[in-house]
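Trainee: Here is a sequence together with a model predicted from it:
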Amino acid sequence: MKEVLLLANGPGELWCWVRPMVKVLKAKGYRVKIGLLPCQFSSGEESRIASSLGADEVKGPSFFVKSALDMLRDSSDLVFQLGGDLVYGLLASRGKRPFFCYTYGPKPFMEKADVVMTAWDFPLVPGRVVVGDLVADALDMDEGASPWKKEGALRLVFFPGSRPGIRKASLRFLSEVKGTLEALLDNVEVVTALSPFAAHSEIEAWEKEGLNPSLSGTRVVLEGADLALTQPGTNTLELMHVGVPAVVAVPFYFLEHVPLGGLKGIILQTPLLGRMIKDKVLRKASERRGFLAWPNRIAKEMIMKEVVGDVTPADLAKLLAKLLLDERQRLCQRERLRALSKPYGAAENILSIIEERIG
């Protein structure tokens, strides 16, 4: 039985990329191993989630040195990296086994991979094979009961994210958004789509704030939704594929909880001074930013509304109320999002390439 090693780091890659790959690989009879890589953007729940995906083995996450040593000892027939530093994949393959990677954009050492796969026909990834977006395949796997209860209400979804720090900080903030919104509109229903990386123990806190938390799959929650409030990341692609209009918000209220990668991130973890410097770094970066939402980056124009800065809950509530009442604008955004969404089948396309290489 041939073995495929799937390498991933953060929540988005694990849930939306690795999950559909495990499904198609196991269906074809491959032995599947998941290697969790160290990641400063992790939720802390990666091991639990990875163990639930049906793989034959899960390793990591470990510290950088141990992860590197684990890669050097690996003997899988093919290494497929979906997120994280490509150095780990190179160590695992050691030039002796096929090394594939899947990415949305250029990465260091990408040219050393045997096959580079991507979702879209972007010039950002030279020499790539366009296979489609794995996020679309992952949405087809979503399950659960519909959280919607009010017939005829305007339906709004909150996405507080996969990282505990941001999720905790957003609890009171989103409660204030909801309170102001309900004062503006008398026919609105709010559901909070909790990440699969959220602990079940969090549900009570969200319920106490009246935020109607749901752990059902994203597609289940989005079916019938009129609008969403989210942050940059994989959620914007899920919204694109389902065709749900959204506001992508980055209030500076959350700056201290935004993770940064590399040495800069480690330095900025120091108490007080690190927090002050980090605030300045992120505020400065926001001045020269490009588009944050993936659909906007793909289209190279503003489709999803982006709000960045010292925005208050009241500011967001007013914007959301305006969009909820503007059915024509929401329909326009919905149609443009659906036009960007490509046909599903990325996992099967990738599987065909793997079969060609190792049988």
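Mentor: Now that the structure is in, tell me what you want to look at.
Trainee: Give me the distance between residue 60 and residue 121.
Mentor: Distance, residue 60 to residue 121, by CB to CB, to the nearest Å: 33 Å. In this view, the C-beta of every residue, glycine as well, is placed from N, C-alpha and C.
Trainee: More neighbours: which of the two?
Mentor: residue 60 (22 against 10; other CB atoms under 10 Å).
Trainee: tell me the phi and psi of that one?
Mentor: Backbone torsions for residue 60, taken as degrees, to the nearest 10, come to phi 90, psi -170.
Trainee: Same question for the one 10 residues further on.
Mentor: For residue 70, the backbone dihedrals (degrees, to the nearest 10) come out as phi -60, psi -40.
Trainee: Equivalent analysis for residue 89, please.
Mentor: phi -70, psi -40.
Trainee: wait, what's in contact with it?
Mentor: 7, 71, 79, 81, 99, 101, 113 (CB atoms under 8 Å, 6 or more residues apart in numbering).
Trainee: Repeat that for residue 344.
Mentor: 132, 136-137, 140.
Trainee: what does residue 354 give?
Mentor: 4, 25, 30, 78, 80, 100.
Trainee: biggest separation within these, which pair?
Mentor: 30 and 100 (13.4 Å; CB to CB).
Trainee: Which residue is the nearest non-sequential neighbour of the residue sitting nearest the centre point of the chain?
Mentor: For the chain, the residue sitting closest to the mean C-alpha position, by CA atoms, centre = their mean, is residue 234 at 2.8 Å. If the residues on either side of it in the chain are set aside, residue 234 comes closest to residue 12, at 3.6 Å by CB to CB, 6 or more residues apart in numbering.
Trainee: Wait, a helix at residue 338?
Mentor: Yes. According to DSSP: H, G, I helix; E, B strand; the rest coil, residue 338 belongs to a helix.
Trainee: what about the spatially closest residue to it that is not a sequence neighbour, how many neighbours?
Mentor: Spatially, and ignoring its direct neighbours in sequence, residue 338 is nearest to residue 243 (4.2 Å; CB to CB, 6+ apart). Using other CB under 10 Å, residue 243 is surrounded by 17 other residues.
Trainee: Residue 243 against residue 337, yeah?
Mentor: Yes. Between residue 243 and residue 337 there is a contact under CB atoms under 8 Å: 5.0 Å.
Trainee: Now residue 216: closest residue in space that isn't a chain neighbour?
Mentor: Nearest non-adjacent residue to residue 216, counting by CB to CB, 6+ apart: residue 144, 2.7 Å away.
Trainee: Next, that neighbour: secondary structure please.
Mentor: coil.
Trainee: From what I see, it and residue 222 are in contact.
Mentor: No. Assessed by CB under 8 Å, residue 144 is found out of contact with residue 222, at 11.6 Å.
Trainee: Looking at these two, which has the bigger crowd around it?
Mentor: The residue with more neighbours, out of residue 144 and residue 222, is residue 222; 25 against 13, by other CB under 10 Å.
Trainee: Please report the distance of the closest residue to that one other than its chain neighbours from residue 217.
Mentor: Nearest non-adjacent residue to residue 222, counting by CB to CB, 6+ apart: residue 242, 4.4 Å away. Separation of residue 242 from residue 217 (CB to CB): 11 Å.
Trainee: shared neighbours, these two?
Mentor: residue 139.
Trainee: lowest-pLDDT helix or strand in the protein?
Mentor: helix 262-267 (a mean of 43; mean pLDDT, DSSP states H and E).
Trainee: quick revisit: quick one: the residue nearest to residue 234 is in a helix?
Mentor: Yes. Assessed with three-state DSSP, residue 12 lies in a helix.
Trainee: just the strands in this structure please.
Mentor: 3-8, 31-36, 57-59, 78-81, 99-102, 115-118, 129-130, 154-158, 188-193, 213-214, 227-230, 246-251, 305-309 (DSSP state E).
Trainee: Just put these in TSV and tack on mean neighbour count.
Mentor: Formatted as TSV, those follow (neighbours: other CB atoms under 10 Å):
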stretch	mean neighbour count
strand 3-8	26
strand 31-36	23
strand 57-59	18
strand 78-81	27
strand 99-102	25
strand 115-118	21
strand 129-130	14
strand 154-158	23
strand 188-193	23
strand 213-214	20
strand 227-230	25
strand 246-251	22
strand 305-309	16
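Trainee: Adding mean pLDDT and distance to residue 201 as columns, could you present the ones you listed in JSON lines?
Mentor: Below are these laid out as JSON lines (pLDDT from 0 to 100; distance: least, CB to CB, whole Å):
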{"stretch": "strand 3-8", "mean pLDDT": "97", "distance to residue 201": "25"}
{"stretch": "strand 31-36", "mean pLDDT": "97", "distance to residue 201": "22"}
{"stretch": "strand 57-59", "mean pLDDT": "95", "distance to residue 201": "23"}
{"stretch": "strand 78-81", "mean pLDDT": "97", "distance to residue 201": "33"}
{"stretch": "strand 99-102", "mean pLDDT": "97", "distance to residue 201": "33"}
{"stretch": "strand 115-118", "mean pLDDT": "96", "distance to residue 201": "38"}
{"stretch": "strand 129-130", "mean pLDDT": "94", "distance to residue 201": "42"}
{"stretch": "strand 154-158", "mean pLDDT": "98", "distance to residue 201": "19"}
{"stretch": "strand 188-193", "mean pLDDT": "98", "distance to residue 201": "15"}
{"stretch": "strand 213-214", "mean pLDDT": "96", "distance to residue 201": "12"}
{"stretch": "strand 227-230", "mean pLDDT": "98", "distance to residue 201": "23"}
{"stretch": "strand 246-251", "mean pLDDT": "94", "distance to residue 201": "26"}
{"stretch": "strand 305-309", "mean pLDDT": "93", "distance to residue 201": "31"}
